[in-house]
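Coordinates for the following, if possible.
(chains A, B and C)
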Amino acid sequence: MGMKKFISLVGKENRHILRDRWTMAILLIMPVVQILLFGFAISTKIRNIRVEIITEKRSEALNRFVSKLDANDYFIFKGYLNESSDIDSEFRKDKADMILHIKGNLDNMSGDPLQNIEVIADASNPSMAASEQLYSLKLIRSFFDRGMKKAGKKGGIHVKFLYNPQLDSAYNFVPGIMGLILMMICAMMTSISIVKEKETGTMELLLVSPTTPLNLILAKMVPYFMISCINLATIMLLSVYLLGVPVSGSLIWLCVVSVLYIFLALAIGLLVSTVMDSQLSAMLLSVAGLILPTILLSGMVFPIENSPAILQWLSCLVPARWYISAVRKLMIEGLSVRFAIMEISVLAGMALVVVSISLKNFKNRLA
Amino acid sequence: MVIKYLLEKEFKQFFRSPILPKIVFAYPLLVLLIFPWVTNFNVEDMKVSVVDKDMSEVSRRFIRKVDNSKYFQLYNVRNNYGEALKDIEKGNADVILELPRGFGNDLETSGNPEALVAVNSVNEIKGSLGTGYLSAMLNGFVSGNAKGYGMNMYNPCKDYKLYMIPAIMVMILIILCGFIPALNIVNEKETGTMEQINVTPVSRFSFILAKLIPFWIMGLVSLTIGILISVLVYGMVPQGSFLTIYLGAMLFVFLVSGIGLVISNKASTMPQALFMMFFVVMIFVLMSGLFTPVSSMPLWARCFSYLVPPRYLIDIMRSVYIRGSGIADNSFNFSMLFLFTVLINIWAVLSYRKRT
Amino acid sequence: MEQRVIEAEHIVKKFGNFAAVDDISFYVEKGEIFGFLGANGAGKTTAMRMFCGLSRPSSGKGMVAGLDIWSASEKIKSRIGYMSQKFSLYSDLTVGENIRLFGGIYGLDEERMKKSGDMLLKKLDMYGEKDVLVKSLPLGWKQKLAFSVSVIHDPEIVFLDEPTGGVDPVARRQFWELIYEAAGRGITVFVTTHYMDEAEYCDRVSIMVAGKIVALDTPANLKKSYGVNAMNDVFTIIARNAGRNE
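Below is the predicted model:
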């Protein structure tokens, strides 16, 4: 079959996809919105902890303490409570996240101040509670240590945040978004579009035409491959120029790994389409079998090492896990490619297996 | 009553579908068995590579203390920072702790020793909590233990599952009662039955109502299954009343299916509807405080989150399950849910056009 | 004077700049079988959808069953039946359930529904298939069932959009017997088709080309004025003329 015929087939697929403006718009806008939300809206960093203070005696020192607390980025001072106030009801009405119980007078506090300040945290959200305690500990210490410390004294703890000096959540999310978007577009869209042709019967029409089935499938994949490349470029440009997440490592290797992943995702899409025969079931299988595992078990949002062993084993089967890990190393940590050899070989191995199974399935189904 | 015949039809189609009844049972089961184990931001057992240049009794004692804490675990002791950094690059360690010469001496004399803590901060939580815990330990080691310092209410074991399960139930409702209605009317459009209905005198209101009621029941059934699983598998019983939970869920299911129907009315093919719903669900999941707290968002995002209805039900579910709040404690959340339910469903009826 | 159940005056339907229906005027009398002919894309379906209240005309006036298509489209819907070229009964419901659903929608009471349902099944010789899912019926049966369901409420007019597409000649024959039977009951039939042999069965036919009605008369008169023996030839001549004019 000549290149010309193939190009005309690709042209037909392109027209199909371009005509569906809504889907097209969503496919192109989705990564942008995700980058914006992950980059600017949501953050795993705990901020704006609402604090109420129980005290029996207001004092000048307390006022200083409160203004220091309120000036801190982590805390918002909400008000004072009486000794007799109902702590439980404050939390149940969701008026505060943390209550400081200050016993005695701050002006002349003797001994360890921590013995006289009780931190009562609403621990509904465990990581919030953990941060509440750490931050308040720091705050109280620095408030009382000021007087004690001698000027110019050496010492102290030096902290280095490797690879992410600003502690920006986006560093963690960007590789995840890449893994999710590419899987969704390549695998899900390919499978749905092939199954749709099967469902409407146009597949048979195309199969009796003088093109080989393989060419037909490849032609279907080309547009999604192109959309994926556009998305990949969008995500990288936005994350570099808008979020300030740098590409610290080799751009070329990053692209090589991404193309390998896209190829694998397309092959998975083909596999799904050979197994399913209605659009609805292909969608459900894609969502339940591809999208959810990618969100949950790839380390995209939640660290895999927190899951029980069985789920950690299961996560090894999720392609996105390896891809995201490779992108983290190559893009964020700026490591050389030899640190990502494991991930790359696993992805290549998966691609080999999926392609051979789906081609075999495809022939059995149609020959 | 036309609605009676329409309802008969919807129920028959639902039970005759090869997948729908199974999904209503299997989906909450699957999600609640897996999600709570995964959705966990706790930082525990971070692996530490130590560079001990002091080699004193005190420094060794401190390293043992780090290894014994629940947050850290000793990976290896290295000779210099470069070697320890290799451990991080290979992904074997998360934290480098370097204790300089004189660490023990400084500690004994001034109580304020020097130390270097370097954490792989690609994951921001690990970065901030890891350094935080280690610094606290260094300080605590200096000034003695701060026992009895804090108190954790409602979730003393800091169990993430307790925090996530009520919200995961909301997510189940979003996905089931969002996607299935979104695909429903589009499916009728694609098969041509929609047009047949459109030439009949059926009113828009009764048609939409007949679609909503089965989804409503479906949502409440799957919620009940979710509640049962959380009792049987995780031993979780809400501190507050079931009435509050169901009241919120009843409103919310109506709301989400309404959104599904709006999308279904707007879309002309199934993949279109699927992707539109996907988009909505994405925003719902990210902006509702399901995974990351709303309070951590910048001001504009916090304002925007008021337009994301699931945040109200997530607040209700968490406060009832964990803190035992009642309807009155959640009056704001309930009023907002009610408002959105009414608005969205009016939109659902209006967006269904019998002619083009 | 005969009662007119459909009247169209200067109806236009535009999609952007393209006039799918370009200023058509005609009427249909009560009890007629009116054939609405034209090649694919001539605008037949678009025109018919406006009379059924599925879309609004861009301009022009129209009455169906004595009601205005602009202001009373929902009222019109209870007085008409409609069957589209796409098979549109619920394939995951049984024959009986479909009859019950549409009977219910058109406001038939239980008693009348049972009576006309049974009658319908007997007429179609499908009594044994009452509890069979519609999707497992052969296409010819499905079409006949769809037609019978569309007239279950004895509408004044039934609109049929290429009802016999893809059906074998024997089944088409049987289908037309059903149409005659309905017309005999006083139901006006408005049918689009591109099978010219079917045009012969109609009382009057109109032929649409590129959004305009170019001929409208009884089949006999049309054949006479074009000097041919079959409607097929009439259509060929009209199509050829249209091609020359462009």
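
OK, now which residue of the stretch 1-150 of chain B is nearest to chain C?
B:Tyr5 (2.9 Å; Cβ to the nearest Cβ). No exception for glycine: its C-beta is placed from N, CA and C like everyone else's.

where does that residue sit relative to C:Gly103, distance-wise?
8 Å (Cβ to Cβ, to the nearest Å).

separation between the residue nearest the centre of chain B and B:Ser305?
Per Cα atoms, centre = their mean, the C-alpha nearest to the average position across chain B is that of B:Leu290, at 3.2 Å. Remark: distance between B:Leu290 and B:Ser305 (Cβ to Cβ) = 11 Å.

Listing request: residues of the chain with sub-threshold pLDDT.
Because you didn't say which chain, this covers chain A. A:1-2, A:17-18, A:107-114, A:145-157, A:201-211, A:213, A:363-367 (pLDDT under 70).

nope, chain C
Looking at chain C by pLDDT under 70, you get C:1-2, C:243-246.

Just the strands from the chain, written as ranges.
Just going to use chain A. A:49-55, A:75-81, A:98-102, A:117-122, A:156-162 (DSSP state E).

actually chain C
Going by DSSP E, chain C shows strands at C:4-15, C:18-29, C:33-38, C:59-64, C:67-68, C:80-83, C:157-161, C:188-193, C:204-209, C:212-217.

Of all those strands, which one comes closest to chain A?
strand C:4-15 (15.3 Å).

what about the helices in the stretch 51-200 of chain A?
A:60-71, A:87-92, A:126-148, A:170-183, A:190-200 (DSSP state H, counting those that start in this stretch).

Out of the ones you listed, which is the most enclosed?
Highest mean neighbour count of the helices of the stretch 51-200 of chain A: helix A:170-183, a mean of 26 (counted as mean count of other Cβ atoms under 10 Å in any protein chain shown).

Check which helices and strands that one sits against.
helix A:21-36, helix A:213-241, helix A:251-275, helix A:292-297, helix A:319-327 (3 or more Cβ pairs under 8 Å, 6 or more residues apart in numbering or on different chains; DSSP states H and E).

Can you name the residues in contact with the last one?
By Cβ atoms under 8 Å, 6 or more residues apart in numbering or on different chains, the surrounding residues in contact with helix A:319-327 are A:174-176, A:178-180, A:182-183, A:254, A:257-258, A:261, A:264-265, A:268, A:293-294, A:297-300, A:304, A:315, A:340, A:343-344, A:346-347, A:350, B:91.

Work out the gap between it and the centre of the chain.
Put simply, helix A:319-327 sits 12 Å off its chain's centre (Cα atoms, centre = their mean, to the nearest Å).

cool, and the fourth one?
When distances are taken as Cα atoms, centre = their mean, helix A:292-297 is centred 10 Å away from the chain's centroid.

Is chain B within reach of it?
Yes. On the criterion Cβ under 8 Å from any Cβ of the partner chain, helix A:292-297 is in touch with chain B at A:Leu296, A:Leu297.

Next, count neighbours for C:Ser125.
If you look again at residue C:125, you'll see it is Asp, not Ser. 10 (other Cβ atoms under 10 Å in any protein chain shown).

what's it sitting at in phi/psi?
phi 60, psi 40 (degrees, to the nearest 10).

show me the contacts for it.
For C:Asp125, no contacting residues are found, by Cβ under 8 Å, 6+ apart.

For it, give its distance to chain B.
From C:Asp125 over to chain B the distance is 24 Å, taken as Cβ to the nearest Cβ, to the nearest Å.

What strand or helix carries the closest residue in space to B:Tyr71 that isn't next to it in sequence?
Nearest residue to B:Tyr71, sequence neighbours excluded (Cβ to Cβ, 6 or more residues apart in numbering or on different chains): B:Tyr133, at 4.7 Å. According to DSSP states H and E, B:Tyr133 maps onto helix B:124-143.

what angle do that helix and helix A:126-148 make?
Going by axes from the mean of the first three to the mean of the last three Cα atoms, to 10 degrees, helix B:124-143 is angled at 40 degrees with respect to helix A:126-148.

Let me see the contact set for the spatially most central residue of chain C.
Compute the mean C-alpha point of chain C, and by Cα atoms, centre = their mean the closest residue is C:Leu160, 2.1 Å away. By Cβ under 8 Å, 6+ apart, the contact set of C:Leu160 is C:Met83, C:Phe147, C:Ser150, C:Ile179, C:Val189, C:Phe190, C:Val191, C:Thr192.

Turn those residues into TSV, including neighbour count and distance to chain B.
Converted to TSV, the contacts of C:Leu160 look like this (neighbours: other Cβ atoms under 10 Å in any protein chain shown; distance: Cβ to the nearest Cβ, whole Å):
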residue	neighbour count	distance to chain B
C:Met83	24	8
C:Phe147	20	12
C:Ser150	26	8
C:Ile179	22	18
C:Val189	24	15
C:Phe190	24	13
C:Val191	26	15
C:Thr192	21	15
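
Among the residues you listed, find me the one that's closest to A:Leu243.
The nearest member of those to A:Leu243, counting by Cβ to Cβ, is C:Met83 at 57.0 Å.

show me the contacts for that closest one.
Applying Cβ under 8 Å, 6+ apart, the residues contacting C:Met83 are C:Ala146, C:Phe147, C:Ser150, C:Val158, C:Phe159, C:Leu160, C:Asp161, C:Pro163.

circling back to that earlier point, just the buried residues from the contacts of helix A:319-327, in ChimeraX please.
Burial among the contacts of helix A:319-327 is assessed by 16 or more other Cβ atoms under 10 Å in any protein chain shown; the matching ChimeraX selection reads:
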select /A:174,175,176,178,179,180,182,183,254,257,258,261,264,265,268,293,294,297,298,299,300,304,315,340,343,344,346,347,350 /B:91
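
Was I right to think A:Trp253 contacts A:Lys329?
No. A:Trp253 lies out of contact with A:Lys329 (Cβ atoms under 8 Å); the separation is 9.7 Å.

Identify the contacts common to these two.
With Cβ under 8 Å, 6+ apart, A:Trp253 and A:Lys329 have common neighbours A:Ala340.

Which one of these two is surrounded by more residues?
A:Lys329 (28 against 17).

and that one, how far is that from A:Arg338?
A:Lys329 is 10 Å from A:Arg338, by Cβ to Cβ.

before we move on, what about C:Pro138?
Taking Cβ to Cβ, one finds C:Pro138 at 66 Å from A:Arg338.

which one of the two has more residues nearby?
C:Pro138 (10 against 7).

contacting residues around that one?
With Cβ under 8 Å, 6+ apart, C:Pro138 has no contacts at all.

can you give me phi and psi for it?
phi -70, psi 160.

The longest helix belonging to chain B and chain C, any residue contact?
The longest helix of chain B (DSSP state H) is helix B:160-191. Yes. Against chain C, helix B:160-191 shows contacts by Cβ under 8 Å from any Cβ at B:Thr191.

which other helices and strands contact that helix?
Using 3+ Cβ pairs under 8 Å, 6+ apart, helix B:160-191 sits against helix A:126-148, helix A:279-286, helix B:20-38, helix B:193-198, helix B:204-232, helix B:242-266, helix B:270-287, helix B:310-318.

what is the mean pLDDT for it?
Mean pLDDT, computed over helix B:160-191, is 89.

Just the angle for that helix relative to helix A:190-200, thanks.
30 degrees.

okay but A:Ile49 is in contact with B:Pro293, surely?
No. Here A:Ile49 does not reach B:Pro293: they are 9.7 Å apart, not a contact under Cβ under 8 Å.
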